[in-house]
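> When you get a sec, could you give me coordinates for this:
(2 chains)
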Amino acid sequence: MKNTALTQTHETLGAKMVPFAGFNMPVSYAGVNIEHETVRKAVGVFDVSHMGEFLIEGPKALELIQKVSSNDASKLTIGKAQYSCLPNESNGIVDDLIVYRIKEETYLLVVNASNIEKDWEHISKYNQGIGASMRDLSNDYSLLAIQGPKAVEAMQSLSNHDLAAIPFYNFIVGDFAGIEHVIISATGYTGSGGFEIYCKNSEVQQIWDKVLEAGADFGIQPIGLAARDTLRLEMGYCLYGNDIDDTTSPLEAGLGWVTKFTKDFVNAQALAKQKEEGVQRKLVAFEMNEKAIPRKGYTLLNPEGAEIGTVTSGTMAPSVGKGIGLGYVSIPEAKVGHTIQVQIRKKTVPATLVKLPFYKG
Amino acid sequence: MNIPSELKYTKDHEWVKIDGDIATVGITDFAQGELGDIVYVEVETVDETLEKEAVFGTVEAVKTVSDLFLPLTGEIIEFNESLEDEPEKVNTDPYGEGWMVKIKISNPGEVDALLSDAQYKEVVGA
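I've put the predicted structure just below:
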């Protein structure tokens, strides 16, 4: 199992460590509820260095990215980031990712830890006929997410750049916590605002320490993967391996907004046909009507008791105070406001289909 | 990790306090720590007589759900209903206010098979 550059630090802080995507990662420190609330109300810092980073460079870089990703990367100007998908050849998704345009001909792809090898092989396969320069930086780079409504104010003393001036899904390359040339990106997976900081492994300890020091007056706490999951699910953000995978299409998953048929990409024709004909099932969001918690794998039923789908993510939502979930259901049932049922052990518990996000701030 | 010497334990991380023919049952400090923040304790088997190791309820934490196994054959005579409003007591006081059920023991001979605190320490590697 791999460690991040901060594994020792997490253990010293008393974190509960779990294996995740081949890494020894902190799942919680003080407890998932308090960590969740810290991010919603103040600011928290996550070590998410397990994430993978690929650098795509050269005159063919954009051509390769356009071929393998579903969103339109030609819209990216330097300093902008974009959420996107890597479609596979059989109406599924290889991975979801963020594409950063660093320089004129330099792009950074940030991918899920569990998919680093699979993504690399997939992109390399399409690069054979294109010939962009590809580098896997995953083992050399660390990633900290500093998230919460107080993130900007708490971190401003660590940079000469005006952090409040970085719009959502924009980034700068600048100084942070005494380190030059780090990526300060106004992105995140929590819905509570803040930054993600990309730096070298050798730099991350200094940044982590200074982030905790600068944030102390603002109530900063280290946050584990458990709260990362409850925070993202309250926003309805997809998690690869749960809500999207090799068998779910971006259209079924509600990712039509990052699937741009104005350009050619892997499996574009089949997906365009699926869009035209309409999908058979759709990823929906639901809230439990009673005290109960849906979990991944539970069966979804219509009010008459017929099976209509499966839960892909579920949790108790700390900021909503209810059990919430995502799941695929067949199309006639997939309407906001509809009542469905969740099979929870021996009982069926009613739930209502809702519009995302679950947490409205 | 707190493992009181006056209690008996199971490999499923339950503790048992014997008082005559009545056993009080909860989950151990180790178990609550592994589960994390507990949000529901569901026991719908009050007044039922169940075999040792039968599922008598479930405990739902934010991130996970776990079955509760009966440590001794007997009738479930009481559920700690205060957990319906304050399930977090299982986290904060697992051996006290976080108790879960009381059982009327059917087969006192089963008590001898429960683990001592020393044996349970070995189970959790403490």
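
> Quick check: pLDDT value at the residue positioned nearest the centre of chain B.
For chain B, the residue sitting closest to the mean C-alpha position, by Cα atoms, centre = their mean, is B:Gly26 at 2.5 Å. For B:Gly26, the pLDDT comes out at 98.

> right, and it touches B:Met100 too?
Yes - B:Gly26 lies in contact with B:Met100 (Cβ atoms under 8 Å); the separation is 5.0 Å. C-betas here are computed from N, CA, C, even on glycine.

> which parts of the helix or strand hosting B:Lys121 are buried?
If you go by DSSP states H and E, B:Lys121 is part of helix B:117-124. Using 16 or more other Cβ atoms under 10 Å in any protein chain shown as the burial criterion, the residues of helix B:117-124 that qualify are B:Tyr120, B:Val123, B:Val124.

> Quick one: residues contacting the first one.
In this case it means B:Tyr120. B:Tyr120 is in contact with B:Ile3, B:Tyr9, B:Thr28, counting by Cβ atoms under 8 Å, 6 or more residues apart in numbering or on different chains.

> From A:Val204, how far off is the closest residue to A:Tyr240 other than its chain neighbours?
Excluding its sequence neighbours, the residue lying closest to A:Tyr240 (Cβ to Cβ, 6 or more residues apart in numbering or on different chains) is A:Asn112, at 4.8 Å. According to Cβ to Cβ, to the nearest Å, A:Asn112 stands 19 Å off from A:Val204.

> likewise A:Gln147?
17 Å.

> next one: B:Val62
From B:Val62 across to A:Val204, the span is 28 Å (Cβ to Cβ).

> next one: A:Pro250
33 Å.

> ok, A:Leu137 touching A:Glu57?
No - judged on Cβ under 8 Å, A:Leu137 makes no contact with A:Glu57 at a distance of 11.4 Å.

> Could you report the pLDDT at the residue nearest to A:Tyr240?
98.

> Next, count neighbours for it.
Using other Cβ atoms under 10 Å in any protein chain shown, A:Asn112 has 18 other residues around it.

> how about the strand or helix carrying A:Gln206: buried residues?
Assigned by DSSP H and E, A:Gln206 belongs to helix A:201-215. Residues of helix A:201-215 classed as buried: A:Glu203, A:Val204, A:Ile207, A:Trp208, A:Lys210, A:Val211, A:Ala214, A:Gly215 (neighbour count, 16+ other Cβ under 10 Å).

> Now stretch A:179-187: average pLDDT?
97.

> now swap in stretch B:110-117 and tell me
Averaging pLDDT along stretch B:110-117 yields 96.

> residues in contact with that stretch?
Under the criterion Cβ under 8 Å, 6+ apart, residues B:3-5, B:7-11, B:16, B:18, B:23, B:52, B:71-73, B:105, B:123 lie in contact with stretch B:110-117.

> Extract the CA atoms of it and return them as PDB.
Taking C-alpha atoms only, stretch B:110-117 is exported to PDB below (Å, rounded to 0.1, in the frame of the first residue of the first chain):
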ATOM      1  CA  GLU B 110     -23.900 -19.900  27.900                       C
ATOM      2  CA  VAL B 111     -22.500 -17.200  30.200                       C
ATOM      3  CA  ASP B 112     -19.400 -19.200  30.800                       C
ATOM      4  CA  ALA B 113     -18.600 -19.200  27.000                       C
ATOM      5  CA  LEU B 114     -18.400 -15.300  26.900                       C
ATOM      6  CA  LEU B 115     -15.000 -13.700  26.800                       C
ATOM      7  CA  SER B 116     -13.300 -12.200  29.700                       C
ATOM      8  CA  ASP B 117     -11.800  -8.700  29.400                       C
END
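
> No more questions from me, cheers.
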